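>>> Any chance you can model this:
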Amino acid sequence: MILTAGQVHEATQASRLIEGLTLVSLIADKGYDNDGFRAQLAEAEVDVVIPPLGSRVAEIDYDKNAYGLRYLIECFINKIKHYRRVATRYEKTARNFLSMLALAAAMIWLRDIP
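Okay, the predicted model is just below:
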């Protein structure tokens, strides 16, 4: 997880998030559709599943079935927001807030272990 300021879009950190990872495919929403990020993924031979922005002149094809799996991430974010301390951002410092995010994520992960 990487924290950004509230007014900064998370797509600005997309390259940092995938650094050092071995990816087969990457599923993201339209906000991550930019030529630089797509070129970086193509260079790493990653299958890109990002729908094109409406402002694109040329239509870019993507796997709509694979894109449907994105709901798993949306559900995870929703589960994190159930932790009131995270949702209301009681923590004053970024370090403490990131720690609470990690703790909430671990609690969600532990809940799914049989």
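
>>> going forward, measure contacts and count neighbours with C-alpha atoms only.
Noted.

>>> what about Ile50, neighbour count?
23 (other CA atoms under 10 Å).

>>> residues touching the spatially closest residue to it that is not a sequence neighbour, list them.
Sequence neighbours aside, Ala28 is the residue nearest to Ile50 in space, at 5.2 Å (criterion: CA to CA, 6 or more residues apart in numbering). Listed by CA atoms under 8 Å, 6 or more residues apart in numbering, the contact set of Ala28 reads Val49, Ile50, Pro51, Tyr67, Arg70.

>>> Max pairwise distance over the residues you listed: which two?
Pro51 and Arg70 (11.6 Å; CA to CA).

>>> Save the contacts of Ala28 as JSON lines, and put in distance to Ser15 and pLDDT too.
Formatted as JSON lines, the contacts of Ala28 follow (distance: CA to CA, whole Å; pLDDT from 0 to 100):
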{"residue": "Val49", "distance to Ser15": "15", "pLDDT": "91"}
{"residue": "Ile50", "distance to Ser15": "15", "pLDDT": "90"}
{"residue": "Pro51", "distance to Ser15": "18", "pLDDT": "90"}
{"residue": "Tyr67", "distance to Ser15": "20", "pLDDT": "90"}
{"residue": "Arg70", "distance to Ser15": "19", "pLDDT": "89"}
